[in-house]
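Enquirer: pasting a predicted model and its sequence here:
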Amino acid sequence: MEDYRRVADEVAADIAAGRLRPGDRLPPQRAFARERGIAASTASRVYRELGRRGLVVGEVGRGTFVRAAERPSVPALAEPTGARVDLELSYPVVPEQSPLLAAGMERLLRPDVLGAALGPAGVAGTAAAREAAAELLAAPGWRPEPSGVLFAGNGRQAIAGAVAALVPPGGRLAVEALTYPVIKGIAARLGVTLVPVASDEHGLSPEALAEAHRAAPLGAVYLQPTLHNPYGTTMPEGRRAELAETLERLGLYAIEDRVWAFLCEDGPAPLASYAARRTIVVDSLSKRLAPGLSVGFAVPPPAPAGRVAAALRSGAWAPAGFALAAASGWIADGTVAAVTRAKRADATSRSRIAADRLPGAGKGPAAYFRWWELPSPWRADTFVAAAARHGIAVTPAAAFAAGTAAAPRAVRVGLASPPLETLARALDVLAGIAAGSPEDTPVE
């Protein structure tokens with residue numbers, strides 16, 4: 001075996017055994033050559049070999065670092081990939097879900113059921129789908145009437161339909177100052193102006209909402225009271241009651257996004273239970289079940305129901321018949337409930353890992369993301385760039401900021417995508433980066 005490969009194997013063994021941990025910096029190549037008693041040219045080949053194996057990453061001006069995770073093996077002719085640890089997206093998948101979903105597919109193989117599922121579906125769905133959805137969306141203190149449930153292709157389309165129904169082009173939609181990034185794209189496509197409204201530790205401020213409405217009339221307000229994205233906070237009951245009174249007094253509608261609420265089993269009742277006449281509930285199966293087969297839900301009060309249905313139809317946002325039939329069956333036979341239980345346990349495990357490894361992030365609720373305020377002197381953009389050089393992707397606060405206000409010095413760390421061991425190693429690397437400084441440079 002060539003000399004450089006033997007030395008590379010020794011370093012790889014140190015990494016596998018934990019003697020070298022993710023984020024550790026290897027010595028400069030000249031120092032490494034002296035330590036190992038090899039030529040500088042051989043040391044250079046060792047470092048290249050370790051990089052080829054996906055074990056280390058080199059940074060111009062900083063040095064060579066142990067990666068957060070090994071590069072997965074791929075066929076020689078595979079498409080090139082970024083080979084990174086994705087802590088941006090949050091699409092949870094648990095091992096239990098594929099066997100559970102496969103078992104539920106058997107009924108769809110019946111010719112009569114399959115034939116109906118392959119037909120067109122309207123935004124009102126079917127009677128069976130409405131009953132199943134009402135059961136799924138029910139929460140303590142609130143259960144929608146099946147006849148009032150509308151369907152969309154996914155949660156984003158349900159949100160778009162609600163916004164289009166309530167806010168005319170050129171109108172104003174209030175949002176939390178840090179909000180779900182997709183709402184920014186939806187508003188831009190619909191010609192709607194977002195109005196950021198201040199929040200505090202309890203969530204969106206009713207007083208700030210009223211002030212924004214007095215400044216210029218609002219069409220509606222979009223918010224996530226339960227497991228807010230990106231903060232991960234849940235609005236307490238008292239604030240929900242205050243906000244409901246404000247909505248009624250101002251004559252405003254709220255679009256309550258409950259896409260993450262399934263993780264909060266014992267959380268407060270939906271805002272819709274406090275402001276039934278003023279709240280459109282939107283939800284989907286993309287997080288709760290699977291991103292590849294999604295159905296969106298919109299539950300409006302009677303007054304705007306016709307407008308929401310019309311907006312979903314005119315936007316071509318109706319659900320696919322097969323997805324609706326499959327989802328209805330999985331809800332009715334308990335599959336969705338079983339997957340939900342598994343994801344709650346999985347989110348709890350991942351949240352504990354984050355609490356243990358991200359200094360200052362706190363324990364927080366069981367969720368698939370964590371809001372992390374960075375220590376000085378880090379800015380979100382420089383931290384994101386430093387993490388990317390280690391093969392880790394996180395999301396800067398600016399991605400969630402509505403309007404032109406300065407974003408906090410923070411990042412959102414998604415916990416859903418990597419295996420648990422990879423997640424733990426990646427979070428250790430992020431903690432190591434945060435403990436340093438953007439100006440840190442190796443001494444050659």
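Expert: Cool, the structure landed.

Enquirer: which stretches of the stretch 1-150 of the chain form helices?
Expert: All helices of the stretch 1-150 of the chain, identified by DSSP state H, counting those that start in this stretch, fall at 3-16, 29-36, 40-52, 97-104, 111-117, 127-137.

Enquirer: what about the longest one, average pLDDT?
Expert: Translated: helix 3-16. For helix 3-16, the mean pLDDT works out to 84.

Enquirer: same question, the fifth one
Expert: Over the span of helix 111-117, the pLDDT mean works out to 69.

Enquirer: ok, the residue nearest to Ser44 when sequence neighbours are not counted - contacts?
Expert: In this structure, Ser44 finds its nearest non-sequential neighbour in Gln29, 5.7 Å apart by C-beta to C-beta, 6 or more residues apart in numbering. The C-beta positions use only the backbone N, C-alpha and C, and glycine is treated the same way. Going by C-beta atoms under 8 Å, 6 or more residues apart in numbering, Gln29 touches 40, 43-44, 47, 64.

Enquirer: could you rerun that using 7 Å?
Expert: The contact partners of Gln29, taken as C-beta atoms under 7 Å, 6 or more residues apart in numbering, are 40, 43-44, 47.

Enquirer: helix, strand, or coil at Arg370?
Expert: strand (DSSP: H, G, I helix; E, B strand; the rest coil).

Enquirer: for Gly403, same thing?
Expert: Assigned state for Gly403: coil (three-state reduction, three-state DSSP).

Enquirer: which parts of the stretch 151-300 of the chain are strands?
Expert: 172-176, 193-197, 199-200, 203-204, 220-223, 254-257, 279-284, 296-299 (DSSP state E, counting those that start in this stretch).

Enquirer: remind me what the third one packs against, helices and strands.
Expert: I take that to be strand 199-200. On a contact count with 3 or more C-beta pairs under 7 Å, 6 or more residues apart in numbering; DSSP states H and E, strand 199-200 meets no helix or strand.

Enquirer: that one pairs with which strands?
Expert: Applying DSSP bridges, strand 199-200 is found paired with strand 203-204 (antiparallel).

Enquirer: what residues does the strand it pairs with touch?
Expert: Applying C-beta under 7 Å, 6+ apart, the set of residues contacting strand 203-204 is 176, 197, 223, 225, 228, 233, 235, 239, 243.

Enquirer: burial count for the first one?
Expert: Spelled out, that is Glu176. Counted with other C-beta atoms under 10 Å, the neighbours of Glu176 add up to 26.

Enquirer: how about the helix or strand hosting Leu312: buried residues?
Expert: Leu312 is part of helix 302-314, with elements assigned from DSSP states H and E. Within helix 302-314, the residues scored as buried using 16 or more other C-beta atoms under 10 Å are 304-305, 308-309, 311-312.

Enquirer: mind listing the helices for the stretch 301-444 of the chain?
Expert: In the stretch 301-444 of the chain, the helices defined using DSSP H, counting those that start in this stretch lie at 302-314, 321-332, 335-357, 380-389, 420-435.

Enquirer: out of the contacts of Gln29, which is most surrounded?
Expert: Neighbour counts for the contacts of Gln29 (other C-beta under 10 Å) peak at Ala43, which has 23 neighbours.

Enquirer: could you check how far the residue most central in space within the chain is from Arg258?
Expert: What sits nearest the mean C-alpha location of the chain, by C-alpha atoms, centre = their mean, is Ser90, with 3.3 Å. The gap separating Ser90 from Arg258 is 15 Å, by C-beta to C-beta, to the nearest Å.

Enquirer: what of Ala320?
Expert: 22 Å.

Enquirer: neighbour count winner among those two?
Expert: Of the pair Ala320 and Arg258, Arg258 is the one with more neighbours under other C-beta under 10 Å, namely 24 against 19.

Enquirer: so that one touches His228, yeah?
Expert: No. Arg258 lies out of contact with His228 (C-beta atoms under 7 Å); the separation is 11.1 Å.

Enquirer: check contacts around Glu131.
Expert: Applying C-beta under 7 Å, 6+ apart to Glu131 gives the contacts Pro146.

Enquirer: and Arg341, by the same measure?
Expert: Here Arg341 is in contact with no residue (C-beta under 7 Å, 6+ apart).

Enquirer: any idea how far it lies from Phe262?
Expert: Distance, Arg341 to Phe262, by C-beta to C-beta: 10 Å.

Enquirer: likewise Val56?
Expert: Distance, Val56 to Phe262, by C-beta to C-beta: 40 Å.

Enquirer: now swap in Thr234 and tell me
Expert: 13 Å.

Enquirer: give me the more crowded residue out of these two.
Expert: Comparing Thr234 with Phe262 by other C-beta under 10 Å, the one with more neighbours is Phe262, at 25 against 21.

Enquirer: hang on, the earlier thing: turn the buried residues of helix 302-314 into JSON lines, columns for pLDDT.
Expert: Shown next, in JSON lines, are the buried residues of helix 302-314 (pLDDT from 0 to 100):
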{"residue": "Pro304", "pLDDT": "98"}
{"residue": "Ala305", "pLDDT": "98"}
{"residue": "Val308", "pLDDT": "98"}
{"residue": "Ala309", "pLDDT": "98"}
{"residue": "Ala311", "pLDDT": "97"}
{"residue": "Leu312", "pLDDT": "97"}
